[in-house]
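Enquirer: Okay, sequence plus prediction incoming.
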Amino acid sequence: MTTTRRGFLKNAGVGGAAVAASSLAAPAVLAQQPIRWRFQTYAGAALGEHVTKPIIDQINAASNGELEIELFYADQLVPTGELFQALQRGTIDAVHSDDDSMASPTPVRQFGGYFPFATRHALDVPVLFRQYGLAEIWDREYEKVGVKWLSAAGQDPCNFNTKNPIRSVADLEGLRLYTFPTAGRFLSRFGVVPVNIPYEDAEVAVQTGELDGMAWSGITEDYTVGWADVTDYFCTNNISGAWIGSFFVNQQRWADLPDHLKALVLAAVESGHFYRNQWYWGGEARLRAEGDKLALTSIPQEEWQQVEDAAAEFWDEVAQEGEVEAELVNIFRAYREIINSAGYPYSRT
């Protein structure tokens, strides 16, 4: 018996410490908490089901429990106009919105949402961002204000759904419309009275007479969110061919996210862009052709041209507001020249 009592106790102490250390280390791995984000979209629940929720669901399903995102719809945590401030403070971790609606304190603000006649189709948006430099500008400007811009995409055009028919430019006079800030600023040139109310209140506001309708979407959204139930007419003329909206993350939250989860978030966002493109494009055609709730009207193109001409003047005014504004207007002009030269289907002729 060469093992002494003192040696046994010494060896037992070493072994016990090792066992204790391993016992303490294992639960630390098992108990590792997932990263949790609070995410708010500009869209109400019915619309958010298509424009935002598929992305959040994909991230939550594929992150293996490492990232859990709780989705909130329009105005549930903060009013849409305060989304940027909440994102910057970290009250909300991530946002899906256009720059205009969330009152972005950047020069790109008015180019988000519906910048008048900047686009004709949803695919114009990724082309402008990826081929004409808008992505670099958005990324640069948001870095200055402490927010991480992820990606932008197009959605539906900005048409009019109203209680009374619109068949001439004169019919816009005096209409109280729920619309985006920059779109409202432009439409006021034709007598439109822009009304700013919470998104979920717009339907009731038409029923009570506070609103005459909306200049907020295409026909797909009108049917999806219930606006086709409270308005009677849909004017096929639009003031912009595609909404420009983006995904944003609090800068520190993004920096803290592991690289593989960053890749997952970006992949899910791009997948969501693809889904929305086909959902809107197909819906716009089907509901114009087969929808039974909204009667279609149109303003003749020769008369509507005055609205397009006014947009060119609007662009000139915006370009005078600063260097970034001038840079963006020049990009939109260059792209417009390209598609006009390309002919149909890029332009009307």
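Expert: On my side now, so go ahead. Just so you know, these numbers come straight off a predicted model, no measurement behind them. Residues are numbered from 1 along each chain as shown.

Enquirer: Could you use CA atoms for every contact and neighbour count after this?
Expert: Noted.

Enquirer: Could you give the number of residues near residue 135?
Expert: Residue 135 has 18 neighbours, counted by other CA atoms under 10 Å.

Enquirer: quick one: whichever helix or strand it is part of to chain centroid distance?
Expert: Using DSSP states H and E, residue 135 falls within helix 134-144. Centre-to-centre, helix 134-144 and its host chain are 16 Å apart (CA atoms, centre = their mean, to the nearest Å).

Enquirer: what helices or strands is it leaning on?
Expert: On a contact count with 3 or more CA pairs under 8 Å, 6 or more residues apart in numbering; DSSP states H and E, helix 134-144 meets helix 124-131, strand 147-154.

Enquirer: tell me which residues in it are buried?
Expert: For helix 134-144, the neighbour count (16 or more other CA atoms under 10 Å) marks 134-135, 137-138, 141-142 as buried.

Enquirer: which of the helices and strands packed on helix 134-144 sits most buried?
Expert: With neighbours defined as mean count of other CA atoms under 10 Å, the helices and strands packed on helix 134-144 peak in mean count at strand 147-154, which reaches a mean of 23.

Enquirer: Could you export it as CSV, CA atoms only?
Expert: C-alpha atoms of strand 147-154 as CSV (Å, rounded to 0.1, in the frame of the first residue of the first chain):
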residue,chain,number,x,y,z
VAL,A,147,-27.9,53.4,-37.6
LYS,A,148,-27.0,50.4,-39.7
TRP,A,149,-28.9,50.4,-43.1
LEU,A,150,-29.2,46.8,-44.4
SER,A,151,-31.1,46.7,-47.7
ALA,A,152,-33.8,48.4,-49.8
ALA,A,153,-36.4,47.1,-52.2
GLY,A,154,-39.4,48.3,-54.2
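
Enquirer: what's the helix or strand following that strand in contact with?
Expert: Next in sequence after strand 147-154, counting helices and strands by DSSP H and E, comes strand 159-162. With CA atoms under 8 Å, 6 or more residues apart in numbering as the test, strand 159-162 has contacts from 212-219, 222, 227-228, 231-240.

Enquirer: now do 6 Å
Expert: Identification of contacts with strand 159-162 by CA atoms under 6 Å, 6 or more residues apart in numbering yields 212-215, 217-218, 231, 233-235, 238.

Enquirer: immediately after that strand, which helix or strand?
Expert: Remark: after strand 159-162, the chain's next helix or strand is strand 176-179, criterion DSSP H and E.

Enquirer: now, among the buried residues of helix 134-144, which is nearest to residue 54?
Expert: Set against residue 54, the nearest of these by CA to CA is residue 135 (23.2 Å).

Enquirer: residues contacting the closest one?
Expert: For residue 135, the contact set (CA under 6 Å, 6+ apart) comprises residue 129.

Enquirer: returning to that earlier point: how about TSV for the helices and strands packed on helix 134-144, with distance to residue 301 added?
Expert: Output for those, formatted as TSV (distance: least, CA to CA, whole Å):
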stretch	distance to residue 301
helix 124-131	22
strand 147-154	24
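
Enquirer: Among the ones you listed, which comes closest to residue 55?
Expert: Closest approach to residue 55 among the helices and strands packed on helix 134-144 is made by strand 147-154 (12.8 Å; CA to CA).

Enquirer: Pairing partners for that closest one, with directions?
Expert: Applying DSSP bridges, strand 147-154 is found paired with strand 244-250 (antiparallel).

Enquirer: in the protein, which ranges drop under the pLDDT threshold?
Expert: The chain contains residues with pLDDT under 70 at 1-31, 349.

Enquirer: Do a quick rundown of the strands in it.
Expert: Ranges of strands in the chain, per DSSP state E, are 35-41, 67-72, 94-97, 147-154, 159-162, 176-179, 193-195, 213-217, 233-235, 244-250, 295-297.

Enquirer: I'd like those as JSON lines, with distance to residue 128 appended.
Expert: JSON lines is the format used below for the strands of the chain (distance: least, CA to CA, whole Å):
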{"stretch": "strand 35-41", "distance to residue 128": "23"}
{"stretch": "strand 67-72", "distance to residue 128": "29"}
{"stretch": "strand 94-97", "distance to residue 128": "18"}
{"stretch": "strand 147-154", "distance to residue 128": "10"}
{"stretch": "strand 159-162", "distance to residue 128": "22"}
{"stretch": "strand 176-179", "distance to residue 128": "23"}
{"stretch": "strand 193-195", "distance to residue 128": "28"}
{"stretch": "strand 213-217", "distance to residue 128": "21"}
{"stretch": "strand 233-235", "distance to residue 128": "27"}
{"stretch": "strand 244-250", "distance to residue 128": "11"}
{"stretch": "strand 295-297", "distance to residue 128": "30"}
